[in-house]
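Colleague: Okay, predicted coordinates and the sequence, questions at the end:
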Amino acid sequence: MSKDRSPPRRLLYVLSLIALLLSAVPLPRVVDYLRPDFLLLTVIWFALAAPRAGGLSFAFVSGLALDAFQGVVLGEHALAFVIVAYLVHRFYLRIRMFPLGHQTLTVLSLLFFYQFILFWVDGVTGHPVTDWARWMPVLTGTLIWPLLASLFARLAQRG
């Protein structure tokens, strides 16, 4: 009998709830620009670590929850989360084999693509935001990815 090495589902729920709360806590405008996309990073990690548990439906529900908390166009984050989760799910075996540095660069490109989708949806819906600060979460999310990935891995081992 083989032992399942995927993280437990309760860890998925607890970490996604914490990430949703971290994404929804009001912050001063200056600090809010630097806030990483915690929920998206959680979706990416679970799509890598437990593709069955952290699949497209998890990404969709997480995106809808973030839309509801932030009061933006319903489905904006859900669409972007599902597309990013699909890309991670499609290539998760390759991404998991990357060293942490290459994995971080992959997460950088995924976060950039996510922000581009949000930028596109905002433009289509008539809410264009052309400020350079909209791209700051890409950098901060990339910088915290190695710490977050190792923290999640340790929690999954204990779980």
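Modeller: Noted; the coordinates are in hand.
Colleague: Can you list the helices and strands that the worst-scoring helix or strand of the chain on mean pLDDT packs against?
Modeller: In the chain, the helix or strand scored least confidently by mean pLDDT, DSSP states H and E is helix 29-32, which has a mean of 87. Using 3 or more CB pairs under 8 Å, 6 or more residues apart in numbering; DSSP states H and E, no helix or strand is in contact with helix 29-32. C-betas here are computed from N, CA, C, even on glycine.
Colleague: Which element is encountered next along the chain beyond it?
Modeller: helix 38-49 (DSSP states H and E).
Colleague: I'd like to check what contacts the following helix or strand past that following helix. Which residues are they?
Modeller: Note on helix 38-49: by DSSP H and E, the next helix or strand toward the C-terminus is helix 56-70. For helix 56-70, contacts defined as CB atoms under 8 Å, 6 or more residues apart in numbering pick out 12, 16, 20, 23-24, 39, 42-43, 46-47, 73-82, 84-86, 89.
Colleague: Can you pull up the most central residue in this protein?
Modeller: In the chain, the residue lying closest to the centroid (CA atoms, centre = their mean) is residue 40, at 1.2 Å.
Colleague: Looking at the protein, which helix is longest?
Modeller: Taking DSSP state H as the criterion, the chain has its longest helix at helix 100-124.
Colleague: Centre of the chain to that one, how far?
Modeller: Here the centre of helix 100-124 is set off from its chain's centre by 10 Å, with CA atoms, centre = their mean, to the nearest Å.
Colleague: now that helix: mean pLDDT?
Modeller: Helix 100-124 shows a mean pLDDT of 95.
Colleague: for stretch 128-145, same thing?
Modeller: 91.
Colleague: Could you list the buried residues of stretch 132-152?
Modeller: By 16 or more other CB atoms under 10 Å, the buried positions in stretch 132-152 come out as 136, 137, 138, 141, 142, 144, 145, 148, 149, 152.
Colleague: Secondary structure and distance to residue 119 for those residues - can I get that in a markdown table?
Modeller: Listed next are the buried residues of stretch 132-152 as a markdown table, based on DSSP: H, G, I helix; E, B strand; the rest coil; distance: CB to CB, whole Å:
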| residue | secondary structure | distance to residue 119 |
| --- | --- | --- |
| 136 | helix | 13 |
| 137 | helix | 12 |
| 138 | helix | 11 |
| 141 | helix | 15 |
| 142 | helix | 17 |
| 144 | helix | 22 |
| 145 | helix | 21 |
| 148 | helix | 24 |
| 149 | helix | 26 |
| 152 | helix | 28 |
